[in-house]
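> dropping a prediction and its sequence here:
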Amino acid sequence: MNQLEVLRESLGQCDEIILDALLMRNRIVEDIMVYKEANDLPVLQPEQEVKQKGWLEARMEGRRHKKEVNDVFASIIQNSKRIQSRNLFNYNIFLIGFMGAGKSTISDYLKNVLAMDVVEMDQCIVERQGMSISDIFETYGEEYFRELETNLLIEMQSRSNVVVSCGGGVPMRERNVVEMKKNGRVVLLTAKPETILERVKDNHDRPLLENNKNVSFIADLLEKRREKYEAAADIVVETDGKSELEICEELIHRLREAEANK
Ligand code: S3P
């Protein structure tokens, strides 16, 4: 064997070690999930990730290839999250609720802690149409916008493990509810009108609220929509006064319960 062949063989041995370690790590991630469920522990423990980052930082202090090693570990962590989220949800999660109920915030959080893909319906429609929601309403009318929403929900049926942050009007069409339930669970996020006002007051992307930013308008529209929102929901999570972590933890537990009772 010449030196190159020897080096290549050593590299191959390293890959074997990495592969075995990765497979072992993935199994441990699954075992941890089982343990947490059996002992009724929270699924999300973001402080663990902080701890792990601190460990890596300390171990790599002053060493070569720090960035390369960090990248590999970042990817390992993403994969662990994906293993967890696929284990938890082999379906899509449709977040519904009034404007300002927290759909976008919670989908971002789930993306962060469980590496789930997120489809933000409004944003997706805006990008595809190349115009704002307000301009779509003005130029083509609300009905056209509602049709785009339905088509996007149908498109989601070819994917799974995606969090879909629905526009506030989505559950108002019965057809939309049928489409969402074909491969998803519908989670209704709720908030009091006062909380909603506080969350939307500085935003100008919601034509329905633009000149109606007051508690009584919000309370009225909310009341008009309540029945349809509740009828569409597989589970309901109240968001007032809760942290994102608390909301997501509740969502995970309630969905798991709902699956178990099916
Ligand atoms: C709407 C909610 C908005 C957006 C559009 C109409 C509604 O989405 O789709 O302005 O009818 O409630 P958000 O709930 O994401 O703000």
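Looks like it came in fine. Numbering: from 1, shown residues only.
> going forward, measure contacts between C-alpha atoms and count neighbours the same way
Fine.
> tell me what the longest strand along the chain is packed against?
Ordering each strand of the chain by length in residues (DSSP state E) puts strand 184-190 first. For strand 184-190, the elements it packs on are strand 92-96, helix 215-232, strand 235-238, judged by 3 or more CA pairs under 8 Å, 6 or more residues apart in numbering; DSSP states H and E.
> what's the pLDDT at residue 261?
Per-residue pLDDT puts residue 261 at 88.
> burial of it, as a residue count?
Counted with other CA atoms under 10 Å, the neighbours of residue 261 add up to 7.
> so who does residue 234 touch?
Counting by CA atoms under 8 Å, 6 or more residues apart in numbering, residue 234 makes contact with 185-188, 258.
> closest one to residue 125 among the helices and strands packed on strand 184-190?
Ranking the helices and strands packed on strand 184-190 by proximity to residue 125 (CA to CA) places strand 92-96 first, at 16.2 Å.
> could you check how far residue 35 is from residue 81?
Applying CA to CA, to the nearest Å, the value for residue 35 to residue 81 is 16 Å.
> hang on, the earlier thing: the longest strand of the chain: how far from the chain's middle?
Counting by CA atoms, centre = their mean, to the nearest Å, strand 184-190 is centred 12 Å from the centre of its parent chain.
> all numbers from here: first residue = 732
All right, first residue 732 from here; so that's strand 915-921.
> tell me the helix or strand right after that strand.
Remark: after strand 915-921, the chain's next helix or strand is helix 924-931, criterion DSSP states H and E.
> for the closest residue to residue 903 other than its chain neighbours, give me the pLDDT.
Nearest residue to residue 903 in three dimensions, chain neighbours excluded: residue 959, at 6.0 Å (CA to CA, 6 or more residues apart in numbering). Here the pLDDT value assigned to residue 959 is 97.
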